[in-house]
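Colleague: Output the structure for:
(one chain, ligands or ions: 2)
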Amino acid sequence: MLVIGLTGGIATGKSTVSAQFAKQGIPLIDADVLARQVVEPGTRAYKQIVAHFGPDILREDGYLDRPKLGQVVFSDEQKRKKLNSIVHPAVSRAMVWQVLKYWLAGHKLCLLDIPLLVEVGLYKWVGKVIVVYCSKEIQLQRLMARDKSTAEAASARLAAQLPIVDKLKLADQVIDNSGTVSDLQKQVSTSIQKLNEEAGWFWMVSWILPPIGIASAAVILSWRAFIRSRRK
Ligand SMILES: CC(C)(COP(=O)(O)OP(=O)(O)OC[C@H]1O[C@@H](n2cnc3c(N)ncnc32)[C@H](O)[C@@H]1O)[C@@H](O)C(=O)NCCC(=O)NCCS
Ligand SMILES: Nc1ncnc2c1ncn2[C@@H]1O[C@H](COP(=O)(O)OP(=O)(O)OP(=O)(O)O)[C@@H](O)[C@H]1O
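Modeller: Ligands and ions are numbered 1, 2, ... in the order given. Prediction:
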């Protein structure tokens, strides 16, 4: 199975792109969705967050007050690091299980929508990296419009992520989302076609003979690491 990491900056259009992949029947694993599931009341991560940040960040129904917690962590790097250290391992574990499930089901492609793919180093574990890009000005406008947030709050979220130019350096495919949604859809169709061609027929051999799958994944990931080290 070809595992594809989809990333970009906040509000550059990852969800809009991943929705189109899902529409084409390509299994999608969304890190933002998993990051919500792993902090539901009763989970280990939930208990750790409440123990660290206090009950003030809870709503009356016991769920996390996400906007409130967002205000806390996007204005304080140490607190954000603490939250990340609680949530990210739980998200990574959930992701591995989902990838395994899709692989067992015999899928050819699988898309991981991970906003922090580069920041947390998960790009090293995928077969292709797609970066959804738009200019910083458009990104801020779309973020403020979607979240109904102020320029200050939107900029704080933007500042919590690596500049998009650093992510572009690691991209196998770049999707430019500076235009209309219909421009975006055309690029996504081309991208899916290319990925299907690149996955070819070998994924089937890897699926039928798992040792070959594991060996070829190890070779491909090592080769990609080698190429990245040569580019530095
Ligand atoms: C701080 C929280 C509670 C705010 O929740 P809220 O519902 O307002 O935002 P949501 O989770 O939908 O995230 C929206 C976008 O913010 C950006 N973002 C979220 N968390 C982070 C982070 N820790 N660092 C940088 N950017 C982040 C991503 O681009 C994401 O797509 C939440 O984002 C969170 O728990 N973050 C830590 C976990 C995380 O890193 N999630 C991102 C994917 S693993
Ligand atoms: N080409 C476009 N033209 C106009 N609006 C767009 C376009 N693409 C996406 N949007 C809008 O911009 C906002 C951000 O897009 P989207 O939610 O897909 O970004 P995202 O990268 O998934 O964000 P996040 O990092 O928060 O998960 C949404 O309101 C979406 O409808």
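
Colleague: Is the longest helix along the chain in proximity to ligand 1?
Modeller: If you go by DSSP state H, the chain has its longest helix at helix 77-104. Yes: counting by Cβ under 6 Å from any ligand atom, ligand 1 is contacted by helix 77-104 at Arg80, Leu83, Asn84, Val87, Val91. Any C-beta I mention is one placed from the backbone N, CA and C, and that applies to glycine too.

Colleague: Identify, among the helices and strands of the chain, the element with the weakest mean pLDDT.
Modeller: Counting by mean pLDDT, DSSP states H and E, the chain has its least confident helix or strand at helix 202-208, which shows a mean of 86.

Colleague: next structured bit after that one?
Modeller: For helix 202-208, the succeeding helix or strand toward the C-terminus, using DSSP states H and E, is helix 210-231.

Colleague: tell me the contacts of the most centrally placed residue in the chain?
Modeller: In the chain, the residue lying closest to the centroid (Cα atoms, centre = their mean) is Ile114, at 0.5 Å. By Cβ atoms under 8 Å, 6 or more residues apart in numbering, the contact set of Ile114 is Gly5, Leu6, Thr7, Ala31, Val120, Leu122.

Colleague: Narrow those to those in strands?
Modeller: Gly5, Leu6, Thr7 (DSSP state E).

Colleague: what pLDDT does the last one get?
Modeller: This means Thr7. Listed pLDDT for Thr7 reads 98.

Colleague: shouldn't it be in contact with Ile130?
Modeller: Yes: Thr7 lies in contact with Ile130 (Cβ atoms under 8 Å); the separation is 7.4 Å.

Colleague: Now do the helices in this structure.
Modeller: According to DSSP H, the helices that the chain contains are 14-23, 31-37, 44-53, 66-73, 77-104, 136-147, 151-159, 164-168, 181-199, 202-208, 210-231.

Colleague: Tell me the residues of this structure that contact ligand 1?
Modeller: So the chain meets ligand 1 at 10, 31-32, 35, 66-67, 69-70, 73, 80, 83-84, 87, 91, 115-116, 157, 160-161 (Cβ under 6 Å from any ligand atom).

Colleague: 5 Å instead, please
Modeller: 10, 31-32, 35, 66, 69-70, 73, 87, 91, 115, 160-161 (Cβ under 5 Å from any ligand atom).

Colleague: which residues touch Phe74?
Modeller: Applying Cβ under 8 Å, 6+ apart, the residues contacting Phe74 are Arg80, Ala153, Ala156, Arg157, Ala160.

Colleague: ok, of these, which one's closest to ligand 1?
Modeller: Ala160 (3.8 Å; Cβ to the nearest ligand atom).

Colleague: Nearest residue to the closest one in space, please, no chain neighbours.
Modeller: Phe74 (5.6 Å; Cβ to Cβ, 6 or more residues apart in numbering).

Colleague: For that neighbour, give me phi and psi.
Modeller: phi -80, psi 0 (degrees, to the nearest 10).

Colleague: Val129 and Leu112 touch, don't they?
Modeller: No: in this structure, Val129 is not within contact of Leu112 by Cβ under 8 Å, at 10.0 Å.
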